[in-house]
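**Student:** Here you go, sequence then predicted model.
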Amino acid sequence: MVNHVFLRTFPGYPVDHAPFWAGWLIYGRFAVVVFIVLSGFSLALSPARHGWRLDAVSRFAKRRAWRILPAYWAALLFSLAVAWLIVPQPGNGVPDAKSVLVNGLLVQNIVRAHSPNSAFWSMAVEAQLYLLFPLLLLIVRRRSAIVMIATVTLVVVAVGIVGPQVARLDTFVIQSPPDLAALFAVGILTAGIVGAGRERRSWPWPWLALAAVAPVLATIWWQGSVWTLDHLFWVDLALGPAIACLLAGFATGHPAPLLRLLDARPIRNLGLSSYSLYLTHGPIVVVVYEKIVAGRVAQGVPAFLVSLALVLPLTIVFARVFASVFETPFLLRRRPSLAVRRPQARTEAVPR
């Protein structure tokens with residue numbers, strides 16, 4: 001959400017015109033990298049404890065649809081209403097019938113159409129990875145997790161190398177970045193740490209995460225935003241191991257201070273509606289900037305601070321109300337025990 005505020009108030013992407021304290025916000029794509037690794041990790045936790053098996057593919061598909069689609073389709077209607085009645089998304093025309101069909105079927109990362117919501121492309125990728133998930137578990141079960149990750153990575157790297165040489169394939173790489181499939185597979189691999197032996201769990205995972213991310217951050221700092229954002233395919237892949245090691249550290253209880261922070265009540269409460277926040281913040285950001293801030297507040301730091309002061313509480317409150325209607329009722333129907341048990345909030349937008 002803050003990244004989208006940044007992009008509206010500091011135009012010029014991929015050139016970074018922000019002061020040093022805000023410049024890092026141009027790399028909002030890396031939040032999606034975390035989102036995808038975390039998604040593979042969280043979905044694979046239960047299968048990893050049960051021999052890498054799903055109870056049934058059809059049951060898994062129904063649970064995913066029940067969890068994802070009600071809030072997503074409601075957010076699609078909300079986004080269309082904003083685009084039709086108030087203001088469309090920047091860089092997109094007014095959504096038409098094709099937009100409704102393409103976004104409703106979650107293929108907007110494959111089929112071009114005017115987008116009513118800047119965050120929806122990643123939800124299409126997420127849904128398509130759900131289709132791949134049972135196959136990846138089968139490879140782990142029949143072969144090994146190493147074979148699974150090696151196979152996916154080999155295919156993804158081959159597409160990344162060949163893609164720029166083939167027009168249609170290059171378009172696919174940009175619209176539907178296949179590197180996210182490798183990151184999803186990395187998350188699945190990491191879930192195996194939960195049931196691993198004491199020796200594997202005792203590895204210094206947080207330090208390994210720091211060692212893995214340091215050269216990537218140094219490269220980003222050295223090369224700058226234009227180079228980094230022009231090479232997102234490879235930078236995404238380079239960040240995967242660091243995120244995986246950090247998740248492995250969380251799974252083994254380290255680092256404890258960061259775990260305590262993530263378990264704090266405000267963060268847990270935010271997690272209760274994080275999926276709704278992810279789905280609905282885009283149109284709200286655009287409305288606030290275009291209808292209230294633009295033309296009244298100087299672009300740059302003033303516009304950023306004013307927009308953030310307005311958008312932050314508005315999106316959170318809206319997400320809480322939205323989640324109470326389109327998320328919580330479906331969670332309670334899916335898992336009745338939640339009605340009498342204290343909700344286990346998550347601090348990310350990954351819907352489990």
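**Tutor:** Perfect, thanks for sending it. Numbering: from 1, shown residues only.
**Student:** helices or strands next to the top helix by length along the chain in the packing?
**Tutor:** When the chain is parsed with DSSP state H, its longest helix is helix 57-85. The contact analysis (3 or more C-beta pairs under 8 Å, 6 or more residues apart in numbering; DSSP states H and E) places helix 57-85 against helix 97-104, helix 120-142, helix 274-288, helix 301-326, helix 328-334. The way it works is simple: take the backbone N, C-alpha and C, and place the C-beta from them, glycine included.
**Student:** and residue 86, backbone torsions?
**Tutor:** Phi and psi for residue 86, reported as degrees, to the nearest 10, are phi -120, psi -70.
**Student:** Now do the contacts for the closest residue to it other than its chain neighbours.
**Tutor:** Once flanking residues are discounted, residue 86 sits nearest to residue 287: 5.6 Å by C-beta to C-beta, 6 or more residues apart in numbering. With contact taken as C-beta atoms under 8 Å, 6 or more residues apart in numbering, residue 287 is in contact with 82, 86, 87.
**Student:** Swap in 10 Å and give it another go.
**Tutor:** Taking C-beta atoms under 10 Å, 6 or more residues apart in numbering, we find residue 287 in contact with 82, 86, 87, 311, 314.
**Student:** List only those of these flagged as buried.
**Tutor:** By neighbour count, with 16 or more other C-beta atoms under 10 Å, the contacts of residue 287 hold 82, 311 as buried.
**Student:** looking at the chain, which helix or strand is least sure?
**Tutor:** When the helices and strands of the chain are scored by mean pLDDT, DSSP states H and E, helix 167-175 comes last with a mean of 69.
**Student:** Out of the helices and strands packed on helix 57-85, indicate the one that is most buried.
**Tutor:** Counting by mean count of other C-beta atoms under 10 Å, helix 274-288 has the highest mean neighbour count of these, with a mean of 24.
**Student:** Using PDB, write down the CA coordinates of it.
**Tutor:** Extracted in PDB, the C-alpha atoms of helix 274-288 (Å, rounded to 0.1, in the frame of the first residue of the first chain):
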ATOM      1  CA  SER A 274      -4.600  -8.200   5.700                       C
ATOM      2  CA  TYR A 275      -6.000 -10.100   2.700                       C
ATOM      3  CA  SER A 276      -8.800  -7.600   2.300                       C
ATOM      4  CA  LEU A 277      -6.300  -4.800   2.700                       C
ATOM      5  CA  TYR A 278      -4.300  -6.200  -0.100                       C
ATOM      6  CA  LEU A 279      -7.300  -6.500  -2.300                       C
ATOM      7  CA  THR A 280      -8.900  -3.100  -1.800                       C
ATOM      8  CA  HIS A 281      -6.100  -0.600  -1.100                       C
ATOM      9  CA  GLY A 282      -5.300   0.100  -4.800                       C
ATOM     10  CA  PRO A 283      -8.500   2.000  -5.800                       C
ATOM     11  CA  ILE A 284      -8.500   3.900  -2.500                       C
ATOM     12  CA  VAL A 285      -4.900   5.100  -3.000                       C
ATOM     13  CA  VAL A 286      -5.800   6.400  -6.500                       C
ATOM     14  CA  VAL A 287      -9.000   8.100  -5.300                       C
ATOM     15  CA  VAL A 288      -7.300   9.900  -2.400                       C
END
